[in-house]
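Trainee: Sequence unavailable; structure follows:
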């Protein structure tokens, strides 16, 4: 591992520039000072005019300043108005740069030793101030102002422009070398760093340049009045520190010290402007899972410590030129300005693959336990990735698209997702469609179609499933997969579910008034089950239409079993106590098992059509269905088969002991009026059986719909 003093060069974005700057500034500055002092001594003079009381008083002032800076842990290398700089510049104006540099070395050493700074750091700070003083002295000489080392000269009013110009050069050289060094450390343009700090630096150093001539005038007129500057200099220091701290708060996260959203955007725009034409920049957006549980269980102080540890771990694993930011809450961001594969993998790795590999590395590192209050905490993280210029050409766009990808990764529990416009619910077309869906719900344009279910045992209709349909006035028929997924991803799902439940209950009430008593099943999402007031909403709907709880069935998917299962079980228990029957839809397509069914109060499972469709040609699917039916019955659950489309499947399901069937063999999903006519024609409660077709009837897609060939009713 290469080091420069205590500096690990592997952590430096541009180590060559960093080392060159540090060596040149430290070496040249200190050699110039040593040479100047040696020349003065060789000439038989003292570099410090011993008989000047003002010099010793100003030396006492800088000693006190050095002690204060050491005690406050600020040090000399901070963007506040350091009083020692003003005193040293005043000395330069009346005695020359050599004495000014020697006096400034005193607070540098005092504060550095108290803060335990490295020798290299102290040497660098001394060197860069020496160069700044030399440059200022050179400007003064060019303007005809020639300080004398042994005599205290009086400043004239005509010399004020030269004094201000020299002070500006002093600040420019000192700050310029500092910005060059730190920019090479972070791997960002110097102009970007200067832009971040320019305002606060101008205020602080401008105040020092303005007060230094006053100190010089007092030193000539009556040096014993110099201690009167202590209070205004200290007030100036405090005010500029407060200004800097406020500036930091507007750009930095106060908890972790990392850049916040504002600074990330500003820095990112600078990186994008400086990027080469074929360059790639990646933005990673991270979200911690269940962070609120840490706060709730261990307290907010423990949660704060965990966030700091996450930030520190991210800083250790990212590259030297990368930026880690905390955007708020448990969200972090990592900006990688130079997304290139390693040399060994450059031939086969695209920028997208490199970005995904980096994201997975972040997930793996953050998956390692965090030590907190003698506890080893495991956290999960979801990462969304967006790449410039493939996905967006500005920082705001990158942040938006990385956020979309992150929420997709969180919803899919995949860990990492790269932004994909095809899966972005926030595209203009989808946003327009979402607005149309909201308006369609307002004007009750969304409809329900009803598909009957028939019992194998009795041959009677024992329910209908309500399926949502939407015919857009301009776009025509919109697939439920499109608009239901859109509702789930945008938070509109609870409203859509309330609409569907209300429509279904309204239809059940109309049917009951016509003598058709058939329960209706409605599909609900995991988000609905997790809503604390959902059971109250269902109860209110039943009361509004004067219906018993048995008139409504609710179908849930296996996803409910895995997203906060305890909370889901509590809400499902509330629905069961209400008397609403629960069904588990699409059983077998996820990761559920009958072990989970012991804890979820469902009374019915629905075998997914993917197993039913191949029941008569695939013995594996037949074995799965047989096992499912037997195990469900052993738990006291009914079994409904979805997607029944031919006689052979009907007969096989009946022989396997399935309780009910649903599919096109019985009827397709019918609009409200057609469903009413179908139920009235077939007589709910009458014994019925599916139609029998000739052996050469063809595949289901070629058969006439059962509505056109009505199911016959038997006694």
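Mentor: Received it, and whenever you're ready, just let me know what you need. On a predicted model such as this, the values are computed, not experimentally measured, just so you know.
Trainee: Can you list the buried residues in the biggest helix by length in the chain?
Mentor: Criterion DSSP state H: the longest helix present in the chain is helix 190-221. Neighbour counts over helix 190-221 (16 or more other C-beta atoms under 10 Å) mark 192-194, 196-197, 200-201, 203-209, 211-213, 215-216, 218-219 as buried. C-betas here are computed from N, CA, C, even on glycine.
Trainee: can you map out the strands along the stretch 301-450 of the chain?
Mentor: 323-328, 331-336, 370-372, 375-377, 381-388, 416-418, 447-455 (DSSP state E, counting those that start in this stretch).
Trainee: Just say which of the ones you listed is most tucked in.
Mentor: Scoring the strands of the stretch 301-450 of the chain by mean neighbour count under mean count of other C-beta atoms under 10 Å gives strand 381-388 as the most buried, with a mean of 26.
Trainee: ok and it relative to strand 331-336, angle-wise?
Mentor: 40 degrees (axes from the mean of the first three to the mean of the last three C-alpha atoms, to 10 degrees).
Trainee: Packing partners of the longest helix of the chain?
Mentor: Packing partners of helix 190-221 (3 or more C-beta pairs under 8 Å, 6 or more residues apart in numbering; DSSP states H and E): helix 53-71, helix 83-95, helix 160-186, helix 230-251, helix 261-274.
Trainee: So which of the ones you listed has the densest surroundings on average?
Mentor: Of all the helices and strands packed on helix 190-221, helix 83-95 has the most neighbours on average by mean count of other C-beta under 10 Å, namely a mean of 28.
Trainee: Beyond that helix, next helix or strand please.
Mentor: helix 97-115 (DSSP states H and E).
Trainee: sorry, back to before: can you redo the strands of the stretch 301-450 of the chain as TSV, where the extra columns are distance to residue 579 and mean pLDDT?
Mentor: Shown next, in TSV, are the strands of the stretch 301-450 of the chain (distance: least, C-beta to C-beta, whole Å; pLDDT from 0 to 100):
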stretch	distance to residue 579	mean pLDDT
strand 323-328	44	88
strand 331-336	42	91
strand 370-372	46	82
strand 375-377	42	80
strand 381-388	39	91
strand 416-418	41	90
strand 447-455	20	94
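Trainee: Turn the ones you listed into JSON lines, including distance to residue 273.
Mentor: Listed next are the strands of the stretch 301-450 of the chain as JSON lines, based on distance: least, C-beta to C-beta, whole Å:
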{"stretch": "strand 323-328", "distance to residue 273": "15"}
{"stretch": "strand 331-336", "distance to residue 273": "14"}
{"stretch": "strand 370-372", "distance to residue 273": "37"}
{"stretch": "strand 375-377", "distance to residue 273": "40"}
{"stretch": "strand 381-388", "distance to residue 273": "11"}
{"stretch": "strand 416-418", "distance to residue 273": "24"}
{"stretch": "strand 447-455", "distance to residue 273": "52"}
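Trainee: Quick check: which of the helices and strands packed on helix 190-221 is nearest to residue 101?
Mentor: helix 83-95 (7.5 Å; C-beta to C-beta).
Trainee: Which other helices and strands does that closest one contact?
Mentor: helix 53-71, helix 97-115, helix 119-142, helix 160-186, helix 190-221, helix 230-251.
Trainee: With respect to residue 34, which of those lies nearest?
Mentor: helix 119-142 (9.7 Å).
Trainee: quick check: mean pLDDT across that closest one?
Mentor: When pLDDT is averaged over helix 119-142, the result is 90.
Trainee: and if you look at stretch 531-551?
Mentor: Here the average pLDDT along stretch 531-551 is 88.
Trainee: Residues contacting that stretch, please?
Mentor: Outside stretch 531-551, the residues that touch it by C-beta atoms under 8 Å, 6 or more residues apart in numbering are 494, 498, 501-502, 505-506, 508-509, 512, 519-520, 524, 528, 552, 554, 571, 574-575, 578-581.
Trainee: Make a PyMOL selection of the buried ones in these.
Mentor: Only the buried entries of these go into this PyMOL selection, using 16+ other C-beta under 10 Å:
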select buried, resi 494+498+501+502+505+506+508+512+519+520+524+528+552+554+571+574+575+580+581
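Trainee: So residue 200 versus residue 193, what's the distance?
Mentor: According to C-beta to C-beta, to the nearest Å, residue 200 stands 13 Å off from residue 193.
Trainee: again with residue 543
Mentor: Distance, residue 543 to residue 193, by C-beta to C-beta: 66 Å.
Trainee: can you check residue 548 too?
Mentor: From residue 548 across to residue 193, the span is 71 Å (C-beta to C-beta).
Trainee: just residue 372 next, same as before
Mentor: 34 Å.
Trainee: just residue 405 next, same as before
Mentor: With C-beta to C-beta as the criterion, residue 405 and residue 193 are 29 Å apart.
Trainee: same thing with residue 129?
Mentor: According to C-beta to C-beta, residue 129 and residue 193 sit 19 Å apart.
Trainee: re the thing from before, between the longest helix of the chain and helix 160-186, how big is the angle?
Mentor: 140 degrees.
Trainee: How far off centre is helix 190-221?
Mentor: Relative to the chain's own centre, helix 190-221 is displaced by 39 Å; criterion: C-alpha atoms, centre = their mean, to the nearest Å.
Trainee: just stretch 287-297 next, same as before
Mentor: Centre-to-centre, stretch 287-297 and its host chain are 15 Å apart (C-alpha atoms, centre = their mean).
Trainee: Can you tell me what sits against it?
Mentor: Stretch 287-297 is contacted by residues 302-303, 306, 310, 329-331, 372, 377, 379-382, 406-407, 410 when judged by C-beta under 8 Å, 6+ apart.
Trainee: Kindly indicate which of the residues you listed lies nearest residue 447.
Mentor: Ranked by distance to residue 447 (C-beta to C-beta), the contacts of stretch 287-297 are led by residue 407 at 30.1 Å.
Trainee: so who does the residue nearest to that closest one when sequence neighbours are not counted touch?
Mentor: The shortest distance from residue 407 to any non-neighbouring residue, by C-beta to C-beta, 6 or more residues apart in numbering, is to residue 384 (7.0 Å). Residues counted as contacts of residue 384 (C-beta under 8 Å, 6+ apart) are 284-285, 401-409, 417, 419.
Trainee: Emit the PyMOL select command for whichever of those residues are buried.
Mentor: Here is the PyMOL command that picks out the buried ones among the contacts of residue 384, judged by 16+ other C-beta under 10 Å:
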select buried, resi 284+285+401+402+403+404+405+406+407+408+409+417+419
